[in-house]
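[1] show me the folded form of this:
(chains A and B)
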Amino acid sequence: MLEGASLTVDDGRFVSLVGPSGSGKSSLLRAVIGLQQPLSGTVETKLARAQVGILFQDDALLPWKTARDNVALGLTFNGMERSKALAEAETWLERLNLAGFGDRFPRHLSGGQRKRVALAQVLAMRPKLILMDEPFASLDAIVGARVVRDVVALVEREGISVLLVTHDLEEALTLSDEVYLLSQGPRAHITEHYPVPIPRPRDPVHSRTHPAFAPLYERLWADLSREVDHRAEAA
Amino acid sequence: MRRLDPRYAWVRQLAAFAVVLAVWEAAGRADMLNPLYAPSPSRVGAALVDLFSDGRIWPHLEATFSAALGGLALGIVVGIVLGVVAALVPFIAELLEPVMTVLNAIPRVILAPLFVIWLGIGLASKVALSFILVAVLIFFTVFTGIRQVDRRLVERVVTLGGDRWALVRHVYLPSVASWVLGNLKIAVGFAFTGACVGEFVAATHGLGYLLSFAQSTYNAALMFALILLILAVVLVIFGIAGRLEKRLLRWN
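    A predicted model of the protein is given here:
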C-alpha cells in the first residue's frame, strides 16, 4: 500500500518511479487513470481522460481481433470512422515495424510483436501522457532492448510525457529524465528524487556508458538497499 | 521397437477393424455365433439397407432430428439468456444456481417419464428432454465464463475509452460465443441423447422408438443397424459443429 506519494510529470518529461515490489507502484498508475480510487487524496491532471494512455505489464490484446483491429479499437471508441481508424492503425503498425502483420491474431504473434501492437494501440490515441507498468519486464533481453529503443524514439519525437514504474534501476536511469524512489511497503512513500543529466535524444542501450550513469546508479542502488534493509530490520 | 508413422494410424485402425469384421462374419457363417445375439455384419448391413430401401426410416429420422435440433436450439438460447442474467444480477444467481447445480448433478434423463406425463408421447416431451440436457450445460458454460472473463481485457477496453456497450460487444459477447462454441460438440451429443432416450421411453416415431421396438422383438440385427445409424448421424453433426467451431474460433 502506498501512502502520501506526491510527484509531478511535466510536459514531455520521462519520469520513472522505482521501488521494491509491493510498494504500490501499480496502484498509483491505476489511480491516475481511474481504474482504482485512492483511499484519500486526489490525482490532479490537466489532461483529459483520452489524453492519457496506459501500457500494462501484459499486452492484454483482445485475442479475437487482429492486430489492426486491436490498434483501431481505441480510435473507434473515440468516434473515429472505422475505415479511417483502420488506415490510421496500419500507419502505427508500420511505425512500430509491424508492416504486414496487421491481419494476424495476437496468438500468432511473438511476445515482442504483441508488445509492439499494444504500443501502437496506445500511441494511435495520440496521448500526451503514457503510464507504463513494467511493460518490458516480460520480454527477453534483445527483443526488450529493441522495443525499448523504438519506444524512446517515438516518445521523444512526439513529445509525449511518460510515467514508468519499474523495479529495474538500469531501465529507469537509461530511459528517464527524472527518477523517484519509493520506499518498501507497507505504507510506502516517496523518499528521493534524482534528476538524470543524460542528454536527449537517447539510445537507451548506450546511455549506460554516459559518465553520469554509473555514479547515479550506485547512489540509487545504495538508497534502495538501505530502504529494503531498514524495513527488514523493523519487521 | 519400430516407430509407427502417426500419419498412417487411420490405415492401421481401419485394417484392424476390417479384420474384426471378417472374423465376426466368418464365425457367423460357420454357425459359431447365435444370430439372435450377435448377427453377422452382413445381416446387420442387410437390415440397414432394408430400413432405407422401403423408405420407412425417414419419418423416424425426421422425428429424432426435429427433437434433437429443437432441444439444442432452445437449450442454447435459454442457457445463454439465463447464464447472462444470472451473471449480471446477483439476486437471480442466488435463485438459479442451486436449481441448476441440482439439475447438473442428477442424470437428467430420469426426467423423461415425467415429461411424457406432462407433455404426452409426441414430439414435445423429446424436445423437452433434449432441452433440459443442453440448457443446464450451456447455463454453466456462460455463467462461469462471464464471471471469469479476463479482467485485463475489460480494463484495456475501459482505458481505451470504451463504454458499457463496447465492453459487451468487444469483450463479453466474443467470450460467451467462444465458450458456447467450445461446448457445442458436447451439446450436440446431449441433444441426441435426450431425443433418443425420450423416444425410447414412450413414442410413436424416432430412432429411439425403433430401438425399443427392436428390443421388444428381439431383433439384434435391426438394433445393430440402428446403433450404426445413430453413430453416423452424430458423427456428421459433430463434423459440422467442428467446422463451425474452427471457422468462428480461427483466432484461437
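[2] count of neighbours near the closest residue to chain B within chain A?
    Going by C-beta to the nearest C-beta, chain B is nearest to A:G74 of chain A, at 3.5 Å. To be clear about C-beta, it is placed using only N, CA and C from the backbone, and glycine gets the same treatment. Counted with other C-beta atoms under 10 Å in any protein chain shown, the neighbours of A:G74 add up to 24.
[3] do B:I146 as well
    B:I146, neighbours per other C-beta under 10 Å, totals 18.
[4] repeat for B:W24
    18.
[5] now name the helix or strand holding it.
    helix B:9-29 (DSSP states H and E).
[6] how far off centre is that helix?
    28 Å (C-alpha atoms, centre = their mean, to the nearest Å).
[7] what comes up buried for it?
    B:24-25, B:28 (16 or more other C-beta atoms under 10 Å in any protein chain shown).
[8] what's the first helix or strand after that helix?
    helix B:41-53.
[9] tell me who's in contact with residue 51.
    No chain was given, so I picked chain A. Neighbouring residues of A:Q51 by C-beta atoms under 8 Å, 6 or more residues apart in numbering or on different chains: A:126-129.
[10] to clarify, I was referring to chain B.
    B:L51 makes contact with B:57, B:222, B:225-226, B:229, according to C-beta under 8 Å, 6+ apart.
[11] and the residue nearest the centre of chain A, backbone torsions?
    Residue closest to the average C-alpha location in chain A (C-alpha atoms, centre = their mean): A:M132, at 2.1 Å. A:M132 adopts backbone torsions of phi -120, psi 120, taken as degrees, to the nearest 10.
[12] can you check the one 4 residues further on too?
    A:F136 adopts backbone torsions of phi -100, psi 0, taken as degrees, to the nearest 10.
[13] all the strands of chain A, in order from the start?
    Listed in chain order, the strands of chain A (DSSP state E) span A:14-18, A:52-55, A:129-133, A:161-166, A:178-182, A:190-195.
[14] what angle separates the third one from strand A:161-166?
    Put simply, strand A:129-133 runs at 10 degrees to strand A:161-166, going by axes from the mean of the first three to the mean of the last three C-alpha atoms, to 10 degrees.
[15] just checking: what are the partner strands of strand A:129-133?
    strand A:52-55 (parallel), strand A:161-166 (parallel) (DSSP bridges).
[16] alpha carbons of the lengthiest helix in chain A, in CSV - could you do that?
    The single longest helix within chain A, with elements called by DSSP state H, is helix A:213-234. The C-alpha coordinates for helix A:213-234 follow below in CSV (Å, rounded to 0.1, in the frame of the first residue of the first chain):
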residue,chain,number,x,y,z
PHE,A,213,25.2,6.9,-15.3
ALA,A,214,27.5,4.9,-13.1
PRO,A,215,27.5,7.3,-10.1
LEU,A,216,23.8,7.7,-10.2
TYR,A,217,23.3,4.0,-10.4
GLU,A,218,25.5,3.5,-7.4
ARG,A,219,23.6,6.1,-5.4
LEU,A,220,20.2,4.8,-6.3
TRP,A,221,21.3,1.2,-5.6
ALA,A,222,22.6,2.2,-2.2
ASP,A,223,19.5,4.1,-1.3
LEU,A,224,17.2,1.3,-2.4
SER,A,225,19.2,-1.3,-0.5
ARG,A,226,19.2,0.8,2.7
GLU,A,227,15.4,1.1,2.3
VAL,A,228,14.9,-2.6,2.0
ASP,A,229,17.3,-3.4,4.9
HIS,A,230,15.7,-0.8,7.0
ARG,A,231,12.3,-2.3,6.6
ALA,A,232,13.7,-5.8,7.1
GLU,A,233,15.1,-4.8,10.5
ALA,A,234,11.9,-3.1,11.5
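[17] neighbouring contacts of it?
    Taking C-beta under 8 Å, 6+ apart as the rule, helix A:213-234 contacts A:18-20, A:169-170, A:172-174, A:179, A:181, A:183-184, A:191-192, A:194, A:196, A:198, A:207-208.
[18] please name the residues that touch the residue in chain B that chain A sits nearest to.
    Closest approach between chain B and chain A, counting by C-beta to the nearest C-beta: B:L160, at 3.5 Å. B:L160 makes contact with A:73-74, A:77, A:121, A:125, according to C-beta under 8 Å, 6+ apart.
[19] domain parsing for chain A?
    A:1-47+A:128-235, A:60-127 (automatic domain parsing).
[20] where among those is the average confidence lowest?
    For the domains of chain A, mean pLDDT drops lowest on domain A:1-47+A:128-235, to a mean of 82.
[21] outline the domain layout of chain B.
    Residue ranges for the domains of chain B, per automatic domain parsing: B:6-33, B:51-248.
[22] just the CA trace of stretch B:83-96, in CSV.
    What follows is stretch B:83-96, C-alpha atoms only, in CSV (Å, rounded to 0.1, in the frame of the first residue of the first chain):
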residue,chain,number,x,y,z
GLY,B,83,-26.4,-17.6,-17.8
VAL,B,84,-26.1,-13.9,-18.8
VAL,B,85,-28.9,-12.8,-16.5
ALA,B,86,-27.5,-14.8,-13.5
ALA,B,87,-24.0,-13.5,-14.1
LEU,B,88,-25.2,-9.9,-14.1
VAL,B,89,-28.0,-10.0,-11.5
PRO,B,90,-26.8,-11.4,-8.2
PHE,B,91,-30.4,-12.0,-6.9
ILE,B,92,-31.2,-14.2,-10.0
ALA,B,93,-27.9,-16.0,-9.5
GLU,B,94,-28.9,-16.8,-5.9
LEU,B,95,-32.1,-18.4,-7.0
LEU,B,96,-30.9,-20.1,-10.2
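[23] now do the buried residues in it.
    Across stretch B:83-96, burial judged by 16+ other C-beta under 10 Å covers B:83-84, B:86-87, B:93, B:96.
[24] which ones among those map onto strands?
    Reading strands off those, I find no matches (DSSP E).
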